[in-house]
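In: okay, here's the prediction I keep looking at, along with the sequence it came from:
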Amino acid sequence: MRPLRFVALGDSLTEGVGDPVGEGWRGWAGLLAGGLDACVEFTNLAVSGAQTRDVVERQTPAALALRPDVVSVVIGVNDTLRCTFDIHAVAARLDEVYAAFRAQDAVLLTACLPDPGAMLGLPGALARPLARRQRAVNTVVHALSERYGAVHLHAAEGAWLTDRAMWSADRLHPGERGHRQLAVRFHAVLAREGIATGAAPSAEPEFPAPTRSAGLWWLATAGTGWVARRCTDLLPQLLTLAADEVRHRARGTSARLDLSASHAVASALAALSVAEQPDVA
């Protein structure tokens, strides 16, 4: 009997940022792995800053070669933070990734995520465009998760989002308690499906929470670099999007922006359905 193979794909959330153990990160996927089976072979391919393109081009080929029994694909937030955001491209990439793993009969784990603007506490005109993008990604993830029979976790809502004890100093990544919350919730869903047979991860932290001074030090060092990198890429476009928000609110036409985003999502999903239709002679 070979061990159950669990492979995790994604970005910094799955890499484990916010849950340091030793010289590296552990995170929700590492916590979940031990509760899947008595014998688990866990590989974490997630990389901080990854987008859906990185998952398609780099992580998926490496994961398919491992022939996982269970694979998690939690990705999309970094796509919303780039000036190149395109929901059609995001949908096509996720469709390709999900299909590849289901073709190998792997159990597919997915999740919808909170929007980064709300987590960072950005002003409304800056936060709303990011929220609209994250809703678009979540809608696509919901639709494709259903299409491919994925085990899906609704992580975009709930009291845990507003509980500061769940989050690290950067306000974008969970702390240890938050990562444990994700692991516990994933385990519960998998246990109901009869997939997770091991003990659920503990919801209680193993290590003391970082002090406020440690959080401030992170923000002043690594956090500053993170913000600078994102702002260089996103800020000019975000300011343009914010200006559009202000203009539409002044005219009372804000609903047009939401409608346009909804149409883009519908178009992206419809394009996938058309592409999957067999050729008719």
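Out: Sure thing, it's come through.
In: what is the helix or strand encompassing His179 packed up against?
Out: Per DSSP states H and E: His179 is located in helix 176-192. Applying 3 or more Cβ pairs under 8 Å, 6 or more residues apart in numbering; DSSP states H and E, one finds that helix 176-192 contacts helix 27-33, strand 107-112, strand 151-154. Backbone N, C-alpha and C define where each C-beta goes, glycine included.
In: for that helix, which positions count as buried?
Out: Using 16 or more other Cβ atoms under 10 Å as the test for burial, helix 176-192 gives 176-187, 189-191.
In: hey, where'd the strands end up in this structure?
Out: Under the criterion DSSP state E, the chain contains strands at 4-10, 20-21, 24-25, 40-44, 70-74, 107-112, 151-154.
In: quick check: which of those strands is nearest to Glu245?
Out: strand 107-112 (23.0 Å; Cβ to Cβ).
In: helices of this structure, start to end?
Out: Listed in chain order, the helices found in the chain under DSSP state H are 12-15, 27-33, 52-54, 60-66, 77-80, 87-103, 116-120, 124-147, 176-192, 212-218, 224-251, 255-275.
In: CA-only coordinates of the fourth one in CSV, if you can.
Out: The reference is to helix 60-66. Only the C-alpha atoms of helix 60-66 are listed here, as CSV (Å, rounded to 0.1, in the frame of the first residue of the first chain):
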residue,chain,number,x,y,z
THR,A,60,0.6,21.7,-12.7
PRO,A,61,3.1,19.8,-14.8
ALA,A,62,5.2,19.1,-11.7
ALA,A,63,2.1,18.0,-9.7
LEU,A,64,0.7,15.8,-12.5
ALA,A,65,4.0,13.9,-12.6
LEU,A,66,3.5,13.0,-8.9
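In: show me what it is in contact with.
Out: Residues outside helix 60-66 that contact it (Cβ atoms under 8 Å, 6 or more residues apart in numbering): 5, 7, 9, 43, 45, 71, 96-97, 100-101, 104.
In: so what does Ala203 have for phi and psi?
Out: For Ala203, the backbone dihedrals (degrees, to the nearest 10) come out as phi -80, psi -10.
In: wait, it sits on Arg180?
Out: Yes - assessed by Cβ atoms under 8 Å, Ala203 is found in contact with Arg180 at 5.3 Å.
In: what stretches of the chain score poorly on pLDDT?
Out: Scanning the chain with the threshold set as pLDDT under 70 gives 210-212, 214-235, 274-281.
In: coming back round to it: quick one, the helix holding His179 and strand 70-74 angle?
Out: On the basis of axes from the mean of the first three to the mean of the last three Cα atoms, to 10 degrees, helix 176-192 is oriented at 130 degrees to strand 70-74.
In: tell me the contacts of Arg180?
Out: Neighbouring residues of Arg180 by Cβ under 8 Å, 6+ apart: 28, 31, 201-205.
In: now it: how far from Ser267?
Out: Per Cβ to Cβ, to the nearest Å, Arg180 is found 39 Å from Ser267.
In: do Thr80 as well
Out: Counting by Cβ to Cβ, the gap from Thr80 to Ser267 is 18 Å.
In: out of those two, which sits in the busier spot?
Out: Thr80 (24 against 12; other Cβ atoms under 10 Å).
In: surely that one and Ala131 touch.
Out: No - using Cβ under 8 Å, Thr80 is not in contact with Ala131; the gap is 9.2 Å.
In: what's the overlap in contacts for these two?
Out: Going by Cβ under 8 Å, 6+ apart, residues that sit against Thr80 and also against Ala131 are Asp115.
In: give the contact list for the residue nearest to Leu108 when sequence neighbours are not counted.
Out: Leaving out its chain neighbours, the residue that sits closest to Leu108 by Cβ to Cβ, 6 or more residues apart in numbering is Ala150, at 4.1 Å. Residues counted as contacts of Ala150 (Cβ under 8 Å, 6+ apart) are 98, 108-110, 144.
In: would you turn the residues you listed into TSV with distance to Ile195 and neighbour count?
Out: Listed next are those as TSV, based on distance: Cβ to Cβ, whole Å; neighbours: other Cβ atoms under 10 Å:
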residue	distance to Ile195	neighbour count
Tyr98	17	22
Leu108	11	23
Leu109	9	25
Thr110	14	24
Leu144	19	22
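In: considering the residues you listed, which is situated nearest to Gly35?
Out: Leu109 (13.0 Å).
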